[in-house]
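Visitor: sequence first, then the predicted structure:
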Amino acid sequence: MKKKKISLIIVFNLLLILFLSGCFEDEEEGVHSFTFTALDGSEKHLSDYRGKVVILDMWATRCVPCQFQMTELKKIYENYNRNDLEIISVDVDPYESAQLIQSFRDLFKEQVGIELDWVFGMDDGSISEKYMEEGAIPTLCIFDQKGRLHFRKAGVCVYSEIPPGFPEDTPLLAPIIDEFID
């Protein structure tokens, strides 16, 4: 009986040592998280969109390339089911308010004829610090359904066709998204 008790203690201690030393695979390895403030003032998290591919768009209203990027993001929404994919456009300019962002969306619809009907929010600096490439906007990130980062690129990316006059190496988003959505 005493030997059995000692054996159990040894096995328990070995398992504990293995667990604490990181020898077990972490299910959450590579999973990202971030928080932003939606235009209605509510706090949103990347994890709120688990089960969907998420495109994080870091932008600002004053950024002309960001405005072109919006037209490409709209093409994505027209070609994928919203149950499979979510776009989150997070304004990274600390001087821009929710009211300014909403006014920008209204004006964009009025002047360009495109409704920006996905999730918009504001960054407190933590998202841009962690994900913005080279401090440049726009920067896009694509997360898979589990929240793992698979793509990050500063500059304009296009949905599926490179417009005339754009560099040949302009990233296409459709093939990246298609990797995760059947």
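Guide: That came through, no problem. Numbers count the residues shown, from 1 in each chain.
Visitor: hey, let's count contacts and neighbours off CA atoms from now on
Guide: OK.
Visitor: the residue nearest the centre of the chain bridge partners, please.
Guide: Nearest residue to the geometric centre of the chain (Cα atoms, centre = their mean): residue 56, 3.2 Å. Counting by DSSP bridges, residue 56 forms beta bridges with residue 88, residue 141.
Visitor: pretty sure it sits against residue 142.
Guide: Yes: with contact defined as Cα atoms under 8 Å, residue 56 counts as touching residue 142 (6.3 Å).
Visitor: quick one, helices of the chain?
Guide: With helices called from DSSP state H, the chain shows them at 2-20, 64-79, 98-112, 126-131, 174-178.
Visitor: neighbours of the residue nearest to residue 158 when sequence neighbours are not counted, how many?
Guide: On the basis of Cα to Cα, 6 or more residues apart in numbering, the spatially nearest residue to residue 158 that is not a chain neighbour turns out to be residue 172, at 5.2 Å. If you count neighbours by other Cα atoms under 10 Å, residue 172 ends up with 15.
Visitor: from residue 78, how far out is residue 172?
Guide: 16 Å (Cα to Cα, to the nearest Å).
Visitor: same thing with residue 174?
Guide: Distance of residue 174 to residue 78, computed by Cα to Cα: 12 Å.
Visitor: who has more neighbours, these two?
Guide: Using other Cα under 10 Å, the more surrounded residue of residue 174 and residue 78 is residue 174, with 16 against 10.
Visitor: please tell me how far residue 40 sits from residue 119.
Guide: Distance of residue 40 to residue 119, computed by Cα to Cα: 11 Å.
Visitor: among these two, which residue is more densely surrounded?
Guide: Set side by side, residue 40 and residue 119 show more neighbours around residue 119, with 14 against 10, by other Cα under 10 Å.
Visitor: ok now do the more buried one, which residues does it touch?
Guide: If you count contacts by Cα atoms under 8 Å, 6 or more residues apart in numbering, residue 119 has them with 38, 86-89.
Visitor: need the pLDDT of the closest residue in space to residue 75 that isn't next to it in sequence.
Guide: Of all residues not flanking residue 75 in the chain, residue 159 sits nearest, at 6.5 Å (Cα to Cα, 6+ apart). Residue 159 carries a pLDDT value of 97.
Visitor: next: residue 3.
Guide: pLDDT, residue 3: 58.
Visitor: check the one 10 residues further on too.
Guide: According to the per-residue confidence, residue 13 scores 46 in pLDDT.
Visitor: and what of residue 181?
Guide: The model's pLDDT for residue 181 equals 92.
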